[in-house]
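Chemist: okay, here's the prediction I keep looking at, along with the sequence it came from:
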There are 2 protein chains.
Amino acid sequence: MKDPIPESTVARLPRYLRCLSDIAVSEAKCSSEELAEAAGVNSAQIRKDFSYLGAYGTRGVGYDIADLSSQIRTVLGLTRTYPVVIVGAGNLGNALTNYGGFRAWGFEIVAVVDIDPNKVGQPVDGLTIEPMHDLVRIVDDNSIEIGIIATPASAAQTTVNRLADAGVTSILNLAPIILKAPDGVQIRRVDLSTELGILAYHRNT
Amino acid sequence: MKDPIPESTVARLPRYLRCLSDIAVSEAKCSSEELAEAAGVNSAQIRKDFSYLGAYGTRGVGYDIADLSSQIRTVLGLTRTYPVVIVGAGNLGNALTNYGGFRAWGFEIVAVVDIDPNKVGQPVDGLTIEPMHDLVRIVDDNSIEIGIIATPASAAQTTVNRLADAGVTSILNLAPIILKAPDGVQIRRVDLSTELGILAYHRNT
DNA sequence: TAGATTGTTAATCGATTAACAATC
DNA sequence: TAGATTGTTAATCGATTAACAATC
């Protein structure tokens, strides 16, 4: 077991988790070869990745899927619940609030805020849209550490700053813009146009 | 100018495009140092990336933003329009259909299909939800090459296969599952839970 | 010309993978 | 024991970056 897990390994762990839960439907154990096939990566890669976790398989047998999944969840920090706030109650924000898939990994949308007074007070999936100026209180009350930005690009940097001021330290940005992360705040970005752009590139290559 | 553009470079190009359009608001030219600052990458990285494009800056001056942006768009294949079909008219699918941001890079949602007869016929952002069994005709009629999967995970592999059969060769998968790509089809995956998982990992590190 | 910044090389760094001894 | 598969090393591969000559 080596200590610092490479970023590339971390990025693959959730993928392994997904594949393992598929395989678990029919089997209790699997080999690195089998998982490699399902995840589309090299089997040596998989064994190396797992060696960082201190997760031990059994030579000649393979990995116990339940054990391994549990190890991965522990390493990623998916053994607790994370309250999440969504900023921006437009189509995308509301779609995310309605999307139940976050809960399986412990992410629970506990608040949705919007700057538009006309949206404030409206219901979304059991929650009520709250005003942006209550953000500090909302983050405080719910001990929120993670925010998702579903605002237009033009409002995204302001939103980051306000989330940071309120005490949120992890942000997932869905707005199509590169943001500056305040000190102590980490931002990940998902840009669907970028993904389509990369698809387009490969079509023409 | 070397020929094969590394995948890592390709993945950064859309980011540069975003940053350049921000910078273009106030300036017509920029240096690799300035863009590096905005994009959060090393300036040598940027110059190296651009050297693959055959895009030439001017020594002592920098890069012409309009020229450079146009080069990047050309390389990525963003100089034409791509008709896109969205499969799955749930919250996410409808949010994407409503989302206007794809059009700026030439991706135009021309059809939304769903398997649920109750949804078929309903309007979404000027389109009408069409039945899944018309997929081949729809893809044909609109010369669709790109599909976005916004179905539940359980329906995603079937959807890939049907899209592939219909002639779609580029797929963006938003369902939280690892899919097998049929021959000649490329799939990119965006998994928001995975992104949150990686955020969670870094919180606890 | 002097200052600035590119384009490119070469060095560094890190990630992937083949190979195989260890061992179930 | 024989067969299978891990865990790990060492080799390979590719990506990043420092450095600097070229040149605007």
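Modeler: The structure has been received and is ready for your questions.
Chemist: surely A:Ala24 and A:Ile65 touch.
Modeler: Yes - using CB atoms under 8 Å, A:Ala24 is in contact with A:Ile65, at 4.8 Å. Backbone N, C-alpha and C define where each C-beta goes, glycine included.
Chemist: compare the two and say which is more crowded by neighbours.
Modeler: Neighbour count, other CB atoms under 10 Å in any protein chain shown: between A:Ala24 and A:Ile65, A:Ile65 has more, with 19 against 15.
Chemist: list the buried residues of the helix or strand harbouring A:Glu33.
Modeler: A:Glu33 is part of helix A:32-39, with elements assigned from DSSP states H and E. The neighbour-count check on helix A:32-39 (16 or more other CB atoms under 10 Å in any protein chain shown) flags A:32, A:34-36, A:38-39 as buried.
Chemist: how about the strands of chain A, start to end?
Modeler: For chain A, strands defined by DSSP state E occupy the ranges A:29-30, A:63-64, A:82-87, A:107-114, A:123-124, A:127-128, A:130-131, A:146-149, A:170-173, A:186-189.
Chemist: packing partners of the first one?
Modeler: Just to be clear, that refers to strand A:29-30. Contacts defined by 3 or more CB pairs under 8 Å, 6 or more residues apart in numbering or on different chains; DSSP states H and E place strand A:29-30 against strand A:63-64.
Chemist: so which other helices or strands are in contact with the strand it packs on?
Modeler: Counting contacts by 3+ CB pairs under 8 Å, 6+ apart, strand A:63-64 packs against strand A:29-30.
Chemist: the domain parsing of chain A - what is it?
Modeler: Per automatic domain parsing, the domain ranges recorded for chain A read A:7-74, A:82-195.
Chemist: could you look over these and pick the most buried one?
Modeler: Here the criterion is mean neighbour count by mean count of other CB atoms under 10 Å in any protein chain shown, and of the domains of chain A the winner is domain A:82-195, at a mean of 19.
Chemist: can you tell me which residues contact A:Pro14?
Modeler: A:76, B:191, B:193-194, B:197-198 (CB atoms under 8 Å, 6 or more residues apart in numbering or on different chains).
Chemist: dump those to CSV, plus pLDDT and distance to DNA strand D.
Modeler: Listed next are those as CSV, based on pLDDT from 0 to 100; distance: CB to the nearest atom of the strand, whole Å:
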residue, pLDDT, distance to DNA strand D
A:Leu76, 97, 18
B:Asp191, 97, 21
B:Ser193, 97, 25
B:Thr194, 98, 20
B:Gly197, 98, 22
B:Ile198, 98, 17
